[in-house]
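# 3D, please:
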Amino acid sequence: LGRAGRLNEAEDLLRTIQSDIIGWRSLLTACRTYGNVELGRRCFDQVIQLDPNHAAGYVLMSNIYANACMWKDADKIEEMRKCAGAWKKPGRAWIEVNNKV
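Sure, this is the predicted structure:
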């Protein structure tokens, strides 16, 4: 539902089935895609209620605020993340050249 832009229906479903963090994080990602700040905040609240150390939730919500030019709110989320001690591991990439990594 979230990928199809049916965000409110997705929220209703998640509340009905008492979803875990994966469902709420997926809907939070869809809120970022569709720019839905209000619903994104509700999803974020669910994510941090289920796991306050879940760094991806903070990053997604901060990005939603930043995309909406809500810089003060984005900064508050980053401060919340730091206070919670939630850190996202940096990504890594490998390339192969002439059969050597």
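# remind me which residues of this structure are low pLDDT?
88-89 (pLDDT under 70).
# the residue most distant from the middle of it, which is it?
The outermost residue of the chain, judged against the average C-alpha position, is Asn98 (38.4 Å), by Cα atoms, centre = their mean.
# can you pull the contacts of that residue?
By Cβ atoms under 8 Å, 6 or more residues apart in numbering, the contact list for Asn98 is empty. For glycine as for every other residue, the C-beta is placed from the backbone atoms N, C-alpha and C.
# For the residue nearest the centre of the chain, which non-adjacent residue is closest in space?
Centre of the chain computed as the mean C-alpha position; nearest residue by Cα atoms, centre = their mean is Leu60, 3.1 Å away. In space, Leu60 comes closest to Leu28 once its chain neighbours are excluded; the distance is 4.9 Å by Cβ to Cβ, 6 or more residues apart in numbering.
# State the helix or strand in which Ala74 lies.
Using DSSP states H and E, the element containing Ala74 is helix 71-84.
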